[in-house]
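K.L.:
Dropping a prediction and its sequence here:
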Amino acid sequence: SSALFLAEATSTDNTELSTKSKHQPQTQVVKPIPPSIYPKYKWNVVWRNVIAFLYLHIAGLYGFYLILFVCSWKTTVWTILYAFIAGQGITAGAHRLWAHRSYKAKLPLRIILMICQTAAFQNHIYEWVRDHRVHHKFTDTDADPHNASRGFFFSHIGWLMLKKHKDVMVKGKTVDMSDIEADPVVRFQRFMFDTAIIHPVVFWNENAWISWYAAGIFRYTISLNFTWLVNSAAHIWGTKSYDKSIKPTENVYVAIAAFGEGWHNYHHVFPWDYKAAELGDYSLNPSTMIIDFFAKIGWAYDLKTVSLDMIERRVKRTGDGTRKSKCINTEE
Ligand code: ST9
Ligand code: ZN
Ligand code: ZN
């Protein structure tokens, strides 16, 4: 078994270790080294973010307490409405419109979506889109900003507390961002700021402290976590109806939490579909309902989708056999 350990030690990436073990007599027993002693990843912790997220989650719990026991029901309704509106800025806007170009939107809709996306406080559209395109191009590798191969915590929130892996910067440069750079709405966004937190104070005299923690911090913390679940949970738990060889999954809980963005196995196989799912079921995909509404009034157009035939051929070739059971399509 000593030979085996030696082989393990010399096969590691760590060159210093390999040189040392070369000088050791073949018969000497080299203790097995747990991988964590020679970390593959540099942990460049960004403490400002660690502290900010810690504060956010503690204060968010306090905001939840205020929602349950203290605040006006109007503040509760406003918090939910705000979560929905800001959420659409991410799903219908940053994700399906800007990152994937799965449909086109006229100027007024782009402005609405940009304002909603600003209210979500998830970086600027440009940065969001860049990270997300890089995620799709290099899914679950070191070049993926929230590489799920590094586990739940990293892909959920950890990636926002560390400096990025150099592969993200280097390989990320190969992603084309010219369409985003050319959009005046995206450029204008830098001048926007979020006033929604003071809304309950102005319109129904809510206490400013309560409004900040309930409609502000609590809502923000929850929607960030719901968003991150797409990167973590929907890359770990669920079925793989469309391609069983990739990590992304179909996860109904994430779909509910993230306004229809949990059909993530489908989305990675067919990222251009504006529904981000095979089925446009509005109850489990309200973002599709919003885009369909704007398509009806002509502000959204050229909606891209995938033919049933193409889906079925792909399912047959690479699916894990779970699609039928999920499919509520009665014609089958
Ligand atoms: C947040 C975003 O939470 C969440 C996104 C989730 C996406 C989910 C997708 C799933 C589908 C949609 C689901 C929607 C569900 C919605 C439900 C709603 C209820 N390519 O980044 P820097 C280069 S945000 C190419 O600073 P560091 C570039 O040159 C939360 N190049 O890296 C860049 O310079 P510049 C709030 C890249 O220094 C330079 O590197 N926000 C790429 O390592 C430096 O970039 C925060 O907490 C790339 N991809 O710092 C902010 N990336 O920009 C947190 C970088 O000038 N961020 N480069 O061109 C930070 O503090 C830092 O970014 C860091 C890394 C510490 C994380
Ligand atoms: Zn993904
Ligand atoms: Zn996507």
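P.N.:
It's in. Keep in mind it's a predicted model, so treat the numbers as computed, not measured. Ligands and ions are numbered 1, 2, ... in the order given.
K.L.:
show me where pLDDT drops low in the chain?
P.N.:
Across the chain, the ranges flagged by pLDDT under 70 are 1-39, 190-199, 202, 325-332.
K.L.:
Sketch out the strands for the stretch 1-150 of the chain, chain order is fine.
P.N.:
Along the stretch 1-150 of the chain, counting by DSSP state E, counting those that start in this stretch, strands occupy 104-105.
K.L.:
Contact residues of it facing ligand 1?
P.N.:
Counting by CB under 6 Å from any ligand atom, the residues of the stretch 1-150 of the chain close to ligand 1 are 46, 49, 87, 90-91, 95, 122-123, 128, 130-132, 134, 145. C-beta here means a position set from N, CA and C on the backbone, and glycine is covered the same way.
K.L.:
which of the residues you listed sit farthest apart?
P.N.:
The most widely separated members of those, counting by CB to CB, are Val46 and Thr91 (26.9 Å).
K.L.:
quick one: which of those two has more around it?
P.N.:
Thr91 (27 against 12; other CB atoms under 10 Å).
K.L.:
Chain neighbours aside, what residue packs nearest to the more buried one?
P.N.:
With CB to CB, 6 or more residues apart in numbering as the criterion, Thr91 has its nearest non-adjacent residue at 3.9 Å, and that residue is Ser287.
K.L.:
Repeat that for Ser102.
P.N.:
That would be Tyr274: by CB to CB, 6+ apart, it lies 3.8 Å from Ser102.
K.L.:
If you tally nearby residues, what's the number for the one you found?
P.N.:
Neighbour number of Tyr274 under other CB under 10 Å is 24.
K.L.:
And the helices in the stretch 101-250 of the chain, which stretches?
P.N.:
107-119, 125-137, 152-156, 166-172, 178-181, 184-188, 199-204, 208-211, 219-231 (DSSP state H, counting those that start in this stretch).
K.L.:
Tell me which other helices or strands the second one touches.
P.N.:
Secondary structure elements in contact with helix 125-137, counted by 3 or more CB pairs under 8 Å, 6 or more residues apart in numbering; DSSP states H and E, are helix 107-119, helix 166-172, helix 178-181.
K.L.:
what separates the closest residue to Phe152 other than its chain neighbours from Lys104, distance-wise?
P.N.:
Leaving aside its chain neighbours, Phe152 sits nearest to Ser232 (4.9 Å; criterion: CB to CB, 6+ apart). Distance, Ser232 to Lys104, using CB to CB, to the nearest Å: 31 Å.
K.L.:
So those two - more neighbours on which side?
P.N.:
Taking other CB under 10 Å, Ser232 and Lys104 do not tie; Ser232 has more neighbours (22 against 16).
K.L.:
list the contacts for the residue nearest to Phe152?
P.N.:
146, 148, 152-153, 155-156 (CB atoms under 8 Å, 6 or more residues apart in numbering).
K.L.:
most surrounded residue in these?
P.N.:
Going by other CB under 10 Å, Ser155 tops those with 27 neighbours.
K.L.:
Would you agree that one is in contact with His146?
P.N.:
Yes: between Ser155 and His146 there is a contact under CB atoms under 8 Å: 4.5 Å.
K.L.:
quick one: common contacting residues for these two?
P.N.:
With contacts taken as CB under 8 Å, 6+ apart, Ser155 and His146 have 228, 231-232 as neighbours in common.
K.L.:
quick one: which of the helices of the stretch 101-250 of the chain is nearest Phe259?
P.N.:
helix 219-231 (8.4 Å).
K.L.:
helices or strands up against the closest one?
P.N.:
With contacts taken as 3+ CB pairs under 8 Å, 6+ apart, helix 219-231 sits against helix 47-69, helix 73-88, helix 152-156, helix 252-257.
K.L.:
Establish whether that helix and ligand 1 are in contact.
P.N.:
Yes: part of helix 219-231 sits near ligand 1 under the criterion CB under 6 Å from any ligand atom, namely 223-224, 226-227, 230-231.
K.L.:
Let me know how buried Lys106 is, in neighbour terms.
P.N.:
13.
K.L.:
Nearest residue to it in space, ignoring adjacent ones along the chain?
P.N.:
Trp299 (4.8 Å).
K.L.:
Touching, the one you found and Leu113? I think so.
P.N.:
No: Trp299 lies out of contact with Leu113 (CB under 8 Å); the separation is 10.1 Å.
K.L.:
picking up where we left off before, pick the one among the shared contacts of Ser155 and His146 closest to Asn265.
P.N.:
Closest to Asn265, out of all of the shared contacts of Ser155 and His146 and judged by CB to CB, is Asn231, at 13.9 Å.
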